[in-house]
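Engineer: sequence first, then the predicted structure:
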Amino acid sequence: MITEAIINVFVALAEWFIGLFGDDDPPSWIEGAAGAVTDVLGYAAGLGAWFPFVVLGAVAGFLIGLWIVLWSIKGGRWVWGLTPLSGGS
């Protein structure tokens, strides 16, 4: 009963927040963004001769993977530091 009341309060707040935004149609430049993106990608299609996109993608993937691994190690050390008698501070 209390949980339902709390949920109802949050639902009412969410409905109020969503109600702050109008129901107008989006501007025409937003609807035309897909064409602009297609044009930019079309212009960039010939750049493969100067930029090795395969190598850049591999390097970016490696860096993102390394970042995830290092943050996982840092998070694991933090969790281990929270355990009693582990010597963490």
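Structural biologist: Perfect, thanks for sending it.
Engineer: C-alpha only now, for contacts and for neighbours.
Structural biologist: Will do.
Engineer: which strand or helix spans Val59?
Structural biologist: Assigning secondary structure by DSSP states H and E places Val59 in helix 53-82.
Engineer: can you dump the C-alpha coordinates of the helix or strand of the chain with the lowest mean pLDDT into PDB?
Structural biologist: Ranking every helix and strand in the chain by mean pLDDT, DSSP states H and E puts helix 28-31 at the bottom, with a mean of 80. This file holds the C-alpha atoms of helix 28-31, laid out as PDB (Å, rounded to 0.1, in the frame of the first residue of the first chain):
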ATOM      1  CA  SER A  28      12.100  20.800 -40.800                       C
ATOM      2  CA  TRP A  29      15.900  20.800 -40.300                       C
ATOM      3  CA  ILE A  30      15.600  17.900 -37.900                       C
ATOM      4  CA  GLU A  31      13.500  15.900 -40.400                       C
END
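Engineer: just give me how far it sits from the chain centre.
Structural biologist: Distance, stretch centre to chain centre, for helix 28-31: 23 Å (CA atoms, centre = their mean, to the nearest Å).
Engineer: and the gap between Ile6 and Gly75?
Structural biologist: 33 Å (CA to CA, to the nearest Å).
Engineer: one more: Ile2?
Structural biologist: According to CA to CA, Ile2 and Gly75 sit 36 Å apart.
Engineer: and Val54, by the same measure?
Structural biologist: Note on Val54: its distance to Gly75, by CA to CA, is 31 Å.
Engineer: what about the most centrally placed residue in the chain, distance to Val40?
Structural biologist: With distances taken as CA atoms, centre = their mean, the residue of the chain nearest its centroid is Ile64 (13.5 Å). To Val40, Ile64 is 25 Å away according to CA to CA.
Engineer: then Trp50?
Structural biologist: For Trp50 relative to Val40 (CA to CA), the value is 17 Å.
Engineer: kindly report the same for Ile2.
Structural biologist: From Ile2 over to Val40 (counting by CA to CA), the distance is 54 Å.
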